[in-house]
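Asks: Got a predicted structure plus its sequence, pasted below:
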Amino acid sequence: MKNRVVITGMGAITPVGNNVETFWKNIKKGKCGIDFIKSFNTSEFKVKIAAEVKDFNPIDILDFKELKRMDRFSQMGMAAAIEAVNDAGLNGIENNSREKWGVVLGTGIGGFITIEREKRKIIEKGPGRVSPFFIPMALCNIASANIAIKFGIKGICDTVITACASGTSSIGNAYRILQQNQADLIIAGGSEAAITPLALAGFTSMGALCTHNNPKQASIPFDKRRTGFVMGEGAVIVILETLEHAQKRGANIYAEVVGYGATCDAYHVTAPAPGGEGGARAIKMAIDDSGINEEQISYINAHGTSTPYNDKNETEAIKTIFGKKAYDIPISSTKSMTGHMLGASGAAEAIICVKAIKESFIPPTIGLQEQDPECDLDYVPLKGRNQNLQYTISNSFGFGGQNASILLKKWEE
C-alpha cells in the first residue's frame, strides 16, 4: 500500500515577498512584482523589465563564509529552506533520524550569475583570477547539496532539471519517493536566479520575452495583447512527509499531495505540441493517480506564461481533459504577478494552491483586460474571489516539451 504524503512546512523568496506570509498576502491583493531591472544596466537591451526579488539580504540568514561560496540561486534556496524547516518544526529532531530524510530541488539554469561573472574575469584579468569556488558555485546540484549539508540530511539528495517544469517535477518526484517508503521526509521545491545580461539577451533573441517594457501590462496571460513572458527569480520550498511520519511527530499539516503526472511532448525544443497534447496527458495522469474524477477539481493554477502559444495550448489541454466542465473551473495564472520564475515557478504555484485551499480564496490573473477569444475559459481576471476549494491542480510546462502537473487536496484526517 502506498504512503499518503502531506505538506508540513513552506518557505518562499519571491518577487512579491520574501516569506510565505508576505508572498501570499501580496498574491491575494494582486500585487505586481515586475519592474525595471535594477541589478545591471539595461541601456543596450531591448527588454528592460523583470520580476526581481527585492530587499533580499542573505547576510541576515547566512554567515559571510557561507555566502562567499554560494551563487544567488543557492542563497535564495537556502533562505527558503530555512523558513520551511522552521515552519515545519524540524530543528529539534535528532540528527540520527535524518538518514531517511532527503532533498529534491529543481532548477532550470543553476549558477548562471557565477558563470557570467567568472567568464568576465578570464577575459578581462586572465585565467589565474577565476575563483576556486567557481565550479561548486555554478553546479546545478549545489543548492540541494548545500541544503543537505546545512541540515545534516543523509538520504536522497537530487536535483531535477526540467526547465520551467523543474519546481513541479521536484515536488512530484519527492511525492513518489515518499509514497514508495524510500524516505520519511523530503525538502522539495525550486530555486532560480537567472536575471542576468546573457540570459536576458538569449531569451530576447529567441523571441520569448515581452518587449514593450510596461511593467503593469507585460505579463498578461490569456490576454489577446500578450507577446511573451517576463523573467522572474526566486526560491520556494515545501516540506513533504509521509502521513505516518508527520502524525507521529505531531506536525501541522497544510495539505495533501494526491496526484502527479509527468509527460514529454517529443515535438519541439521550445514550442508546445499542438493542442497542448502533452500537457493534457500530464493533467490526466495526475487526476488518474489521485483516484478522483474530473468533476471534483475546484481550481487550476495554470502555467500561463503570457506567450501566444502556451496560453492557447494550455487552454486547449484543459478543454481536452475536462470537456464542457472546463468552463466551470476557475483558472488563474499567478505569473501575472511573479513573472516567470523558471525552475522555481512550479514550487511557488504549489504554495499558492495550498494557501488557496486553506483560505478558500482563488487568486486573480491581474492585467487580463482583453481576453483572447481562443482563451475562453474562466481565468479569474483582475480580482480574486472567495470560493471553497477541495482539489487543486498546478501545471508546469518546460522547454523541451517537459510537462508536469500536481494535484493537491484539502487536508482531512
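Replies: Looks like it came in fine. Numbering: from 1, shown residues only.
Asks: so where do the helices sit in the stretch 51-200 of the chain?
Replies: Ranges of helices in the stretch 51-200 of the chain, per DSSP state H, counting those that start in this stretch, are 64-68, 72-88, 112-124, 134-138, 142-151, 166-179, 197-205.
Asks: Mind checking the pLDDT average for the second one?
Replies: The reference is to helix 72-88. Regarding helix 72-88, the rounded mean pLDDT is 98.
Asks: what's the angle from it to helix 112-124?
Replies: Taking axes from the mean of the first three to the mean of the last three C-alpha atoms, to 10 degrees, one finds that helix 72-88 is oriented at 160 degrees with respect to helix 112-124.
Asks: How many neighbouring residues does E99 have?
Replies: Applying the criterion other C-beta atoms under 10 Å, we find 13 residues in the vicinity of E99. C-beta here means a position set from N, CA and C on the backbone, and glycine is covered the same way.
Asks: Highest mean neighbour count out of the helices of the stretch 51-200 of the chain?
Replies: Between those, the one whose residues have the most neighbours on average, counting mean count of other C-beta atoms under 10 Å, is helix 166-179 (a mean of 28).
Asks: buried ones in stretch 304-312?
Replies: For stretch 304-312, a neighbour-count test (16 or more other C-beta atoms under 10 Å) marks G304, T305, S306, T307, N310, D311, K312 as buried.
Asks: hang on, I meant stretch 294-302
Replies: Of the residues in stretch 294-302, those buried (16+ other C-beta under 10 Å) are I297, S298, Y299, I300, N301, A302.
Asks: just to revisit the earlier point, okay, the helices of the stretch 51-200 of the chain in a markdown table with distance to T365 next?
Replies: Listed next are these as a markdown table, based on distance: least, C-beta to C-beta, whole Å:
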| stretch | distance to T365 |
| --- | --- |
| helix 64-68 | 37 |
| helix 72-88 | 25 |
| helix 112-124 | 29 |
| helix 134-138 | 35 |
| helix 142-151 | 30 |
| helix 166-179 | 19 |
| helix 197-205 | 22 |
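Asks: Out of these, the one nearest V103 is which?
Replies: Proximity of the helices of the stretch 51-200 of the chain to V103 was assessed by C-beta to C-beta; the nearest stretch is helix 142-151, lying at 4.6 Å.
Asks: Direction-wise, compare the closest one with helix 166-179 and give the angle.
Replies: Here helix 142-151 runs at 50 degrees with respect to helix 166-179, directions being taken by the same axes, to 10 degrees.
Asks: quick one, strands of the stretch 151-300 of the chain?
Replies: Assigned by DSSP state E, counting those that start in this stretch, the strands in the stretch 151-300 of the chain fall at 157-160, 185-192, 234-242, 255-264, 299-301.
Asks: okay, these, which one's buried deepest?
Replies: Among the strands of the stretch 151-300 of the chain, the stretch with the highest mean neighbour count (mean count of other C-beta under 10 Å) is strand 185-192, at a mean of 34.
Asks: All set, thanks.
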